[in-house]
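Asker: Test case, fold it:
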Amino acid sequence: MLSEWRDRVARLHARVGERYSRAMSSHQAPRMPRQIPFIIANEGCERFSFYGMRNILTIFLASTFFATLPSAEAQSEAKEIFHVFVAGVYFFPLLGGWISDRFFGKYLTILWVSVVYCIGHALLAIYESEPTGFYAGLFLIALGSGGIKPLVSTFMGDQFDQSNKQLAKVAFDAFYWIINFGSFFASLFMPKLLQGAGPARWWGWPAASVAFGIPGVLMLIATVFFWAGRKRYVRVPPAPRDPHSFANVIRTALTARGGMTAGLALAIAGCVLAVGSVAMIWVLAWKLVIALCLALVLVLLGVGLGAWIELENARGKHPDEAVDGVRSVLRVLVIFALVTPFWSLFDQKASTWVFQADAMTKPTWFSPAQMQALNPALVMLIIPFNNLLVYPWLRKRGVEPSQLGRMALGMALAGASWIVVGAMQLMIDGGEAISIAWQVLPYILLTAGEVLLSATGLEFAYSQAPASMKGVIMSFWSLAVTVGNLWVLIVNVSVKNDTVLGAIERSGMGSIAFQMFFFALFALAAALAFHWVAKRYRVVDNYRS
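Answerer: Below you'll find the predicted structure:
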């Protein structure tokens, strides 16, 4: 009897201890997942590889493949190819997101597309003096970089759940910081390796081969880092085919009532205009990339507006949560559309701003492309400055900056930066000698805007996406950059028109300065529209349970 009583007491003690342990563990501070460093290390090396080649691309193209053209024409052609490349980089996330969500999952898609990425870098280094091979390398890099772009950040988000989601902001900030860490060193050193490309050689190799080869080595290291963490990752499996998917709900909404409806008419009109845009390739000799990107925008606009109008028709045929999820995604796409002008401004720091820097006074040892190193260096300073000083100071005064409020302010700061570069361009056009040091001011404004908009936007996009569409919604976030570069390409083509050039000349400004002020006003108008929409947007929480 005594031994039985002791056994019962022991079992009771064990149960109490177990419950106490569970209670204590539930109150422990959440911990950062151990696999996050592998993802961040991968991102740092991959960003070095991408920005290492991207930030020297316009200077390389203008001084090699277009060296026989007049300077202004060579710069225009190099700028066009650069923005076509960037548009491609941010278009292919649609493909990567779809493959990941439907077939292979994020991990395998990232791993194998990274191999394609490495091959693209190899082609740049091998074919540095042969345009066909070089452009093939650019295509593979656009496919590789774009294919993994929506997946790495969402893959990192998958490592968090409701128990530690408050640490996701720290991880996303570290993620964005390491992007700029890699970008800083790439922007600082790669232009020096490229300087004098042509007859110049490093260690017996052509300067351009070395400048494009080193980023390829970093991409290979990035792939190895990602593979090394394979046993620790949380892998969310691909979503099975869903009869209540985003596309199926939209199809039902547009066709459920039978016959022609206002929403269906808008969707058809968007598709017809898209076909007309593609036809412009032959009729008006439009550039292929401009026509295809504009066609995509028209389809998204027509179908999106039509689905918004008719969405309630899908209720009863699809669960309410599926219909509400589509409504949520369409609302997010409105936010993404208003962000596109920011990317028009931001990506031109690697083209328009570099060519402006080339026209400024500077030390003979300094390459104008090296000014781009300011951007990541400032990001690495501004992110901790905001998190450690600015936001705590605001919270002590009862102010909690919203995600959308920060993004609107970021766009306005970008517009202000272009007013500054436009004023400097007027002085250059007037014959004044201006030091390249003056570009520091617009870089500060643009980078402050980038931190507020882009770093915040990554977290916003992930948190607003329904669980089955995180890869796709991040693809749409990346697509905003493609559309931003589309506006640049359209403006670049437009200013070659004699009528437009005549109007610019009558304004008393040069065409470059005119474009700078145009983009500044474009961003400021978008910031006002963004602020208006943000006040009416209802934020949701779609972190994993």
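
Asker: Every contact and neighbour count from this point should use C-alpha atoms.
Answerer: Will do.

Asker: Give me the residue at the spatial middle of the chain.
Answerer: For the chain, the residue lying nearest the average C-alpha position, counting by C-alpha atoms, centre = their mean, turns out to be S478 (4.6 Å).

Asker: Using CSV, write out every CA atom in stretch 121-129.
Answerer: Taking Å, rounded to 0.1, in the frame of the first residue of the first chain, the C-alpha atoms of stretch 121-129 are listed here in CSV:
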residue,chain,number,x,y,z
HIS,A,121,27.4,35.1,-64.5
ALA,A,122,29.8,32.7,-66.2
LEU,A,123,28.6,33.8,-69.6
LEU,A,124,29.2,37.5,-68.7
ALA,A,125,32.8,36.8,-67.8
ILE,A,126,33.4,34.6,-70.8
TYR,A,127,31.7,36.8,-73.5
GLU,A,128,32.8,40.2,-72.2
SER,A,129,33.6,41.3,-75.8
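
Asker: mind listing what the residue nearest to the residue nearest to the centre of the chain when sequence neighbours are not counted touches?
Answerer: Leaving aside its sequence neighbours, S478 sits nearest to Y90 (C-alpha to C-alpha, 6 or more residues apart in numbering; 5.1 Å). Residues near Y90 by C-alpha atoms under 8 Å, 6 or more residues apart in numbering: A142, G146, K149, S478, L479, A480, V481, T482.

Asker: hang on, isn't the fifth one packed against F91?
Answerer: I take that to be L479. Yes - at 5.5 Å, L479 counts as touching F91 under the criterion of C-alpha atoms under 8 Å.

Asker: any chance you could map the helices in the stretch 51-200 of the chain?
Answerer: Defined through DSSP state H, counting those that start in this stretch, the helices belonging to the stretch 51-200 of the chain, from first to last, are 57-63, 71-89, 93-99, 105-126, 131-158, 168-194.

Asker: Now do the last one: distance to the chain's middle.
Answerer: In this case it means helix 168-194. When distances are taken as C-alpha atoms, centre = their mean, to the nearest Å, helix 168-194 is centred 14 Å away from the chain's centroid.

Asker: Check which helices and strands that helix is in contact with.
Answerer: For helix 168-194, the elements it packs on are helix 36-54, helix 207-228, helix 374-385, helix 456-464, judged by 3 or more C-alpha pairs under 8 Å, 6 or more residues apart in numbering; DSSP states H and E.

Asker: Can you add distance to V488 and mean neighbour count and give those helices back as CSV?
Answerer: Shown next, in CSV, are those (distance: least, C-alpha to C-alpha, whole Å; neighbours: other C-alpha atoms under 10 Å):
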stretch, distance to V488, mean neighbour count
helix 36-54, 17, 24
helix 207-228, 25, 22
helix 374-385, 20, 18
helix 456-464, 21, 21
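
Asker: Which among those is found nearest to V440?
Answerer: For those, distance to V440 was read as C-alpha to C-alpha. The smallest value, 7.6 Å, belongs to helix 374-385.

Asker: quick one, that closest one and helix 168-194 angle?
Answerer: Orientation check (axes from the mean of the first three to the mean of the last three C-alpha atoms, to 10 degrees): helix 374-385 against helix 168-194 gives 160 degrees.

Asker: what does helix 374-385 contact?
Answerer: Contacts with helix 374-385, where a contact means C-alpha under 8 Å, 6+ apart, come from 173, 177, 179-181, 183-184, 440, 443-444, 447-448, 451.

Asker: right, and the pair among the residues you listed with maximum separation?
Answerer: Maximum pairwise distance in the contacts of helix 374-385, criterion C-alpha to C-alpha, is 23.6 Å, between D173 and V440.

Asker: Which of the two has more residues huddled nearby?
Answerer: For D173 and V440, the more surrounded residue by other C-alpha atoms under 10 Å is D173, and the numbers stand at 21 against 13.

Asker: ok, that one touching S454?
Answerer: No - in this structure D173 lies outside contact range of S454 using C-alpha under 8 Å: 10.6 Å.

Asker: part of a helix, is P237?
Answerer: No - according to DSSP: H, G, I helix; E, B strand; the rest coil, the state of P237 is coil, so it is not within a helix.

Asker: mind checking how far it is from A350?
Answerer: As judged by C-alpha to C-alpha, to the nearest Å, P237 and A350 stand 38 Å apart.

Asker: And the two? Which one has more around it.
Answerer: A350 (23 against 14).

Asker: Ignoring the adjacent residues along the chain, who's closest to that one?
Answerer: Closest residue to A350 in three dimensions, ignoring its sequence neighbours and counting by C-alpha to C-alpha, 6+ apart: N55, at 5.9 Å.

Asker: so the one you found touches Q348, yeah?
Answerer: No - with the criterion set as C-alpha under 8 Å, N55 and Q348 do not qualify as a contacting pair; they are 10.7 Å apart.

Asker: Which one's more surrounded, these two?
Answerer: N55 (26 against 17).

Asker: who's in contact with the more buried one?
Answerer: Applying C-alpha under 8 Å, 6+ apart, we find N55 in contact with S187, P191, A350, A369, Q372.

Asker: for A291, same thing?
Answerer: Under the criterion of C-alpha under 8 Å, 6+ apart, the contact partners of A291 comprise S277, V278, M280, I281.

Asker: how does it look with 10 Å?
Answerer: For A291, the set of contacting residues under the criterion of C-alpha atoms under 10 Å, 6 or more residues apart in numbering consists of A274, V275, G276, S277, V278, A279, M280, I281, A285, V297, L486, I490.

Asker: quick one: the helix or strand containing A527 to chain centroid distance?
Answerer: According to DSSP states H and E, A527 maps onto helix 511-534. Distance of helix 511-534 from its chain centroid, counting by C-alpha atoms, centre = their mean, is 19 Å.

Asker: Counting neighbours, which bits of that helix end up buried?
Answerer: With burial defined by 16 or more other C-alpha atoms under 10 Å, the residues of helix 511-534 counted as buried are 511-528, 530-531, 534.

Asker: tell me the mean pLDDT over that helix?
Answerer: Taken as a whole, helix 511-534 has an average pLDDT of 93.

Asker: list the helices and strands that helix packs on?
Answerer: Contact partners of helix 511-534 among helices and strands, from 3 or more C-alpha pairs under 10 Å, 6 or more residues apart in numbering; DSSP states H and E: helix 320-346, helix 352-358, helix 403-429, helix 470-494, helix 498-507.

Asker: Return the most buried member of those.
Answerer: Each of the helices and strands packed on helix 511-534 was given a mean neighbour count from mean count of other C-alpha atoms under 10 Å, and the largest, a mean of 24, is that of helix 470-494.

Asker: elements contacting that one?
Answerer: On the basis of 3+ C-alpha pairs under 10 Å, 6+ apart, helix 470-494 makes packing contacts with helix 71-89, helix 93-99, helix 131-158, helix 288-310, helix 320-346, helix 456-464, helix 511-534.

Asker: switch to 8 Å and redo it
Answerer: Secondary structure elements in contact with helix 470-494, counted by 3+ C-alpha pairs under 8 Å, 6+ apart, are helix 71-89, helix 93-99, helix 131-158, helix 288-310, helix 320-346, helix 456-464.

Asker: Any chance of the ones you listed in TSV with distance to T252 and mean pLDDT as columns?
Answerer: Listed next are those as TSV, based on distance: least, C-alpha to C-alpha, whole Å; pLDDT from 0 to 100:
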stretch	distance to T252	mean pLDDT
helix 71-89	31	88
helix 93-99	21	83
helix 131-158	27	88
helix 288-310	9	88
helix 320-346	10	88
helix 456-464	23	77
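
Asker: M32: which of those is closest?
Answerer: When the helices and strands packed on helix 470-494 are ranked by distance to M32, counting by C-alpha to C-alpha, first place goes to helix 131-158 at 11.3 Å.
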